[in-house]
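# Here's a sequence, model it:
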Amino acid sequence: MILSVKNMAFSYPSREVLNSVSFAITEGKCIGVLGTNGTGKSTLLKCIDRILKPQGGTVYVGGEDIHNMSDRVLAQKIGYVAQNQQQTRCTVFDSVLLGRKPYIKWDVSDQDIEIVEHILHTFDLSEYAMRYTDELSGGELQKVVIARALAQQPKVLLLDEPTSNLDLKNQLDVIDTIKEIVEKQKLSAVVTMHDLNLALRFADKFLLLKGGEVYAAGGSEIINPENIKEVYDVDVVIQDCYGTPVVVPLKPEKMAAASC
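Below you'll find the predicted structure:
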């Protein structure tokens, strides 16, 4: 296992957010973390990346406890993309180059430059290289911060709602690019998502959270009408569309017809 999370627990002063959350993922695979707002998805990623200190549980990357790692080593192991990004006055190239910081000792190397140029090309950002990040659209900025995380060359990629600011085409392009990189470079990705259909297209495994606990975990078989009803309180049908399962929410008056 590349990433293993065991019995993760976290509470804010006012409420418990995570309770005994455990899962593991192998190299080359993506896990989609699903659930309603406030159920602990973002908090889980922050605990894995040591941004928040959990009250209980352990996180292992490549068999090593992350709490025994220095900040520099941790940044080489885990790349994290937050849901909300703060814009700064720097070029796209320099912003992505910041992802190389865990490896730079004295000065930027030719290898660092080559890695950044390759990632910019991969995300169709080469023409934006000298543009300032505070001049970008929300979708363009989102692609830049994902590129920066990949410049770290991590073993584990944590993405919090990575497609939230992207239009439909860029959603599909970015998700497919990330999946291809994860498979080719044998990374592990943990991605929080709200769009069940996008998650079904992207993820190999799923973690359904309800009330800060794991309600269900497994492959696409757990994304079924019964579990969706329990977690989201929404009635759905799941239909096959050209070999891809599609979740279709139902209006209450349609339920009788759907059950026939």
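# in stretch 212-232, what counts as buried?
Neighbour counts using 16 or more other C-beta atoms under 10 Å place 212, 214-217, 222-223, 225, 227-228, 231-232 of stretch 212-232 among the buried residues. The C-beta positions use only the backbone N, C-alpha and C, and glycine is treated the same way.
# For it, give the mean pLDDT please.
Taken as a whole, stretch 212-232 has an average pLDDT of 96.
# Put the alpha carbons of it into CSV.
Output of stretch 212-232 as CSV, limited to C-alpha atoms (Å, rounded to 0.1, in the frame of the first residue of the first chain):
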residue,chain,number,x,y,z
GLY,A,212,-17.8,11.7,9.8
GLU,A,213,-17.7,8.0,9.7
VAL,A,214,-17.2,5.5,6.8
TYR,A,215,-20.6,4.4,5.7
ALA,A,216,-19.4,2.3,2.8
ALA,A,217,-16.1,1.6,1.1
GLY,A,218,-15.3,-0.3,-2.0
GLY,A,219,-15.6,-0.3,-5.8
SER,A,220,-18.3,1.1,-8.0
GLU,A,221,-20.7,-1.5,-6.6
ILE,A,222,-21.2,0.7,-3.5
ILE,A,223,-22.4,3.6,-5.5
ASN,A,224,-26.0,2.2,-5.6
PRO,A,225,-29.4,3.7,-5.1
GLU,A,226,-29.7,2.4,-1.5
ASN,A,227,-26.3,3.9,-0.3
ILE,A,228,-27.0,7.2,-2.1
LYS,A,229,-30.3,7.4,-0.4
GLU,A,230,-28.8,6.8,3.0
VAL,A,231,-25.9,9.2,2.5
TYR,A,232,-27.5,12.0,0.5
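# ok, and what's touching it?
Identification of contacts with stretch 212-232 by C-beta atoms under 8 Å, 6 or more residues apart in numbering yields 16-23, 34-36, 39-40, 196, 199-200, 204-210, 234-238, 245, 247.
# Could you give the number of residues near residue 189?
As a burial measure, residue 189 scores 27 neighbours (other C-beta atoms under 10 Å).
# Check which residues of the host helix or strand of it are buried.
Per DSSP states H and E: residue 189 is located in strand 188-192. Of all the residues in strand 188-192, those buried under the rule 16+ other C-beta under 10 Å are 188-192.
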